[in-house]
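**Q** I'll drop the sequence and a predicted model, then ask my questions.
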Amino acid sequence: MTADPTCSSDSSSTLQTLFSYLEATHTLMSMILQIPPLDPSTSLRINLLLRLTGEVLSSITGYGPNFEILPHLLDWLNDLDRGWLAVLRSQAWDTESRSGVDICTSKENGRGSVMQRSSTMSQTERTRLRSLLISGTARMEEWLLDLDTAGQDYEVVLETLGLQQGFDELFTGTLAEIGSLSGTMNMPVGVGGTC
């Protein structure tokens, strides 16, 4: 599913546009999120979604940016954010509402109720996710500079189209859920105070 920067110009590619790439990967994301959040499937779900997140955030910039695709891209990224929230909270994925739902972790086995285990993401996986989201967002910011804005600042144009807030709030749910790492609060540059 990796999009080579030449994909959009390669006539043999089935994913010649960012729209077609996002549609194909959205189906894959939905399938991954439907993996039960119970062991032994938990680690499979986490690792496949980490892999997809990295691939997609790297591949988006292989396509030329245009204003028509940006609302669809924001929808896709918001679904990814909600998907990660479901994974971080060990929730099942509801394909209709496109959000996580709590599950019952006890199961009857004939002798009573048995708790089913649902492992949470390790600190390493959380750190990797944070890194993927931050670096992917930075690449998208650079990518947005290539928008045809007729000489205007791209952020002004995005604000005019009502899209700037969506890009400003990318992955806020997931990053807030991850919270602090190693017991310390990770504040964005310029937000924290002095020691």
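**A** Arrived safely.

**Q** center of the protein - which residue?
**A** Centroid check for the chain by Cα atoms, centre = their mean gives Leu80 as the closest residue, at 3.4 Å.

**Q** how many neighbours does Ile103 have?
**A** Other residues lying near Ile103 total 13 when counted by other Cβ atoms under 10 Å. All C-beta spots, glycine's among them, are computed from the backbone N, C-alpha and C.

**Q** which residue packs closest to it, ignoring adjacent ones?
**A** Ala92 (4.8 Å; Cβ to Cβ, 6 or more residues apart in numbering).

**Q** so the one you found bridges to which residues?
**A** Assessed by DSSP bridges, Ala92 has beta-bridge partners Val101.

**Q** now it: how far from Val156?
**A** 41 Å (Cβ to Cβ, to the nearest Å).

**Q** same check, this time on Met121
**A** Taken as Cβ to Cβ, the span from Met121 to Val156 is 38 Å.

**Q** in terms of neighbours, single out the busier of those two.
**A** Met121 (19 against 11).

**Q** OK, contacts around the residue nearest to the more buried one when sequence neighbours are not counted?
**A** Of all residues not flanking Met121 in the chain, Ile46 sits nearest, at 5.8 Å (Cβ to Cβ, 6+ apart). Taking Cβ atoms under 8 Å, 6 or more residues apart in numbering, we find Ile46 in contact with 87, 121, 125.
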